[in-house]
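Peer 1: Have a look at this prediction, sequence included:
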Amino acid sequence: MMNEILFFGSNEYPILIKNEPKKITKPIQFKFENENENENEKQIKQIASGDFSIIFFFENGKAIEYLHEDFLNKNPSKIQIENIQKVTVGYDNEAILTIEGNVFAKGYAINPKNPNEFINISSLFEDTNDRIIEDIVCSRSSIYLLTSNQNVYGIADNFYGQLGFDPRTLKKTEKPILMMKNISKIFTGNFSGYVFLLNSNQELFVCGNNGFGQLGLGESRKEETKIQNLTKIENIPKGKIIDIQCGSTLSIMMIENENENPNPKRKLYSCGDYRFNGLGKNENTYEFTEIKSSLFENDNILEFSVGVYHTLILTSNLKMIGFGRNNEGELGTGDTENQLIPIQIELPKLRFNEEVSNYHISCGAWSSFLYYSPFLSSFSNLEEDLIKLFERKEFCDISFKTKNGEIIKAHKLILKYRLNQNQNEIEKLKEIISTKSIKESNQIFEMIYSNRIINPKLYFEIKEIINSNEKIEETMKRIYLNENENEKDFIIERKEKQYKFPKLILIMRSELYRGMFLSVTNDTSNKVTDYSELSNKSFQIFEYWIYSNQIKEEIEITQEIIEEIEIGIDYFQLNQTNPNLFDLLINKFNNQNQNQIQNQNQNQNQNQIQIQNKNEKLNTQEREEKEQKHKKKTGKCDIF
């Protein structure tokens, strides 16, 4: 499957698409110069776009970069770093995070004498116990690093106090400097001189450039242009903070209302100065206030991205909405007129638009990308959904003992899938976990379940176990991409019958609960029942039940659906953990039947009443006719 990448905006520094104008004002297809190179045949995992460079990061762990012409004349070039996990780009720097937890960075902010040479930042840590990095983010001229111990470090420029120190005494640091402990997420922008830090209690701290009120500290703090100490923001909207992205003079926050289940509503809030790039509204606000627009009020916001002075929003109906500066065509509206309030952007026909959640947007300095990546979960909260699912004890069916003697429960089915259904590998895992703390053990399970590198140190200890499953992962990936037309369906044998389920539906649904794939058999000689349409309904039922232990009211339960879910429960091995789904299904099915019987009885009674009324009416008419005839004969009416 080829990549699908749409590009629009400045096509000058660097030139991304040859033989095209310097300003591309409508989204057009982007293709790499040499599509036959191995790296370029892989699927895009991430696009990081700044002013220093634009990096295309592929699913195979490799990346290529297009550098600004001031830094390198040759375009593009391969990044000679192995096992890349994440890339990030700022105004005059870029950073690479590897799965080993090392960070390599380059640029004027990091190495002004040789800006095109990578430096291993991890080796500069004075505290060797804090060298394993879990996340990185580049801002305008600074880089922020989140360690496996949940500590945040900053390096490079501190002109605005964006490292949390007085810029008069610390203008710049050449080594990572500790900013704050117990932090779960870092938020900044590739052109921002400020940073937001979020802890596990949803408390938000900020420092740096506040020249336009973009830190959200309120009217009383808008005159403070440099916030040099990390300051807690008191007035933030209610709900769970999903993401914050920063431009040069504004910040935008995505909030999710957790009380709205099973599909929480996401809203956007902004603060700062609207004159430069709009806030989605025609006024300055110095606290986070909601961006309201009829374009997305009835639609779910999947994600958003902020450049220097422009913003793009992607919704679940595959609408792209934008506002802000548009001098280079970076909004993709077909012109270069700025837009202070949200406007919908016309998109060309997309090849994969049936899989909306796999599209992503990336705003750079003066350009933008819309791209398809089935490997990037973005703001789908996959990891958080998985953690919620795994914490439910009724789904746990295997126990492990830690070095402290504590018992933690896990999920046998998912472990079997991830460990290639090899009991010896599970025994190896037991040995490893027996030497770990409960926190480290839970990190191991989260890593196995979600295929996400939680802690690189732990990753290497169980690397052999994870690697044993590479063949299955490649098979599932191929099936997901649907490259082989002969492998469209799962064939499941049960009770001397075969059932056919669409693989694409199963795999898309199974993204929520990694590893819950049904078994595959090559025997297709017997008659097969096609459950293509039923599968979709059944997984809707199953997915809804996972979250709420309830059956969707609007779905009619049929005997086929009950049978299909029974098969699924058997293969998912959930019949021993929570049989309530079956009870609910059968009760609803019986109630439906009773209602149908009652309705039939009511219809029969109504028919009988109608017949009786009709007969009575006929009798009355017949009697009146006899009376009329008798009256004509005798001149009077006798009583019968």
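Peer 2: Nice, thanks for sending it over.

Peer 1: C-alpha from now on. contacts and neighbour counts both.
Peer 2: Noted.

Peer 1: which residues sit in contact with residue 592?
Peer 2: residue 557 (C-alpha atoms under 8 Å, 6 or more residues apart in numbering).

Peer 1: Assumed it was part of a helix.
Peer 2: Yes - assessed with DSSP: H, G, I helix; E, B strand; the rest coil, residue 592 lies in a helix.

Peer 1: Now do it against residue 584, distance only.
Peer 2: Residue 592 sits 12 Å away from residue 584, going by C-alpha to C-alpha, to the nearest Å.

Peer 1: which residue packs closest to residue 55, ignoring adjacent ones?
Peer 2: Leaving aside its sequence neighbours, residue 55 sits nearest to residue 65 (C-alpha to C-alpha, 6 or more residues apart in numbering; 4.3 Å).

Peer 1: Give me the phi and psi for that neighbour.
Peer 2: Backbone torsions of residue 65, given as degrees, to the nearest 10, read phi -130, psi 140.

Peer 1: Could you give the bridge partners of it?
Peer 2: Counting by DSSP bridges, residue 65 is bridged to residue 55, residue 77.

Peer 1: give me every residue that touches it.
Peer 2: Applying C-alpha under 8 Å, 6+ apart to residue 65 gives the contacts 53, 54, 55, 56, 75, 76, 77, 78, 79.

Peer 1: Make JSON lines out of these and add pLDDT and distance to residue 87.
Peer 2: Shown next, in JSON lines, are those (pLDDT from 0 to 100; distance: C-alpha to C-alpha, whole Å):
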{"residue": "53", "pLDDT": "90", "distance to residue 87": "11"}
{"residue": "54", "pLDDT": "93", "distance to residue 87": "10"}
{"residue": "55", "pLDDT": "94", "distance to residue 87": "7"}
{"residue": "56", "pLDDT": "94", "distance to residue 87": "9"}
{"residue": "75", "pLDDT": "64", "distance to residue 87": "18"}
{"residue": "76", "pLDDT": "80", "distance to residue 87": "16"}
{"residue": "77", "pLDDT": "87", "distance to residue 87": "15"}
{"residue": "78", "pLDDT": "89", "distance to residue 87": "13"}
{"residue": "79", "pLDDT": "93", "distance to residue 87": "11"}
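
Peer 1: hmm, which of those residues are the buried ones?
Peer 2: For those, a burial check counting by 16 or more other C-alpha atoms under 10 Å picks out 53, 54, 55, 56, 75, 76, 79.

Peer 1: ok, so of those residues, who is nearest residue 553?
Peer 2: Distance ranking of these against residue 553, using C-alpha to C-alpha, places residue 56 first at 44.9 Å.

Peer 1: which stretches of the protein form helices?
Peer 2: With DSSP state H, the ranges of helices along the chain come out as 38-41, 274-277, 382-390, 412-418, 423-433, 438-450, 456-461, 463-467, 470-481, 503-510, 532-548, 559-572, 580-634.

Peer 1: pLDDT below threshold where in the stretch 451-600 of the chain?
Peer 2: 451-536, 538-540, 542-550, 552, 554, 564, 566-582, 595-600 (pLDDT under 70).

Peer 1: so residue 139 touches residue 187, yeah?
Peer 2: No - counting by C-alpha atoms under 8 Å, residue 187 is not a contact partner of residue 139; they are 9.2 Å apart.

Peer 1: ok, residue 356 to residue 370 distance?
Peer 2: With the distance defined as C-alpha to C-alpha, residue 356 ends up 12 Å from residue 370.

Peer 1: out of these two, which sits in the busier spot?
Peer 2: residue 370 (24 against 17; other C-alpha atoms under 10 Å).

Peer 1: Just the mean pLDDT for stretch 196-211, thanks.
Peer 2: Mean per-residue pLDDT for stretch 196-211: 94.

Peer 1: what about it, start to end distance?
Peer 2: By C-alpha to C-alpha, the extent of stretch 196-211 from end to end equals 16 Å.

Peer 1: who does the closest residue to residue 180 other than its chain neighbours bridge with?
Peer 2: Take residue 180 and drop its neighbours on the chain: the residue closest to it by C-alpha to C-alpha, 6+ apart is residue 152, 5.4 Å away. Beta-bridge pairing of residue 152, defined through DSSP bridges, involves residue 146, residue 180.

Peer 1: Surely residue 152 and residue 195 touch.
Peer 2: No - assessed by C-alpha under 8 Å, residue 152 is found out of contact with residue 195, at 11.2 Å.

Peer 1: since we're on the nearest residue to residue 59 once chain neighbours are set aside, how many residues are nearby?
Peer 2: Distances taken as C-alpha to C-alpha, 6+ apart place residue 45 nearest to residue 59, at 5.1 Å, with adjacent residues excluded. Residue 45 has 23 neighbours, counted by other C-alpha under 10 Å.
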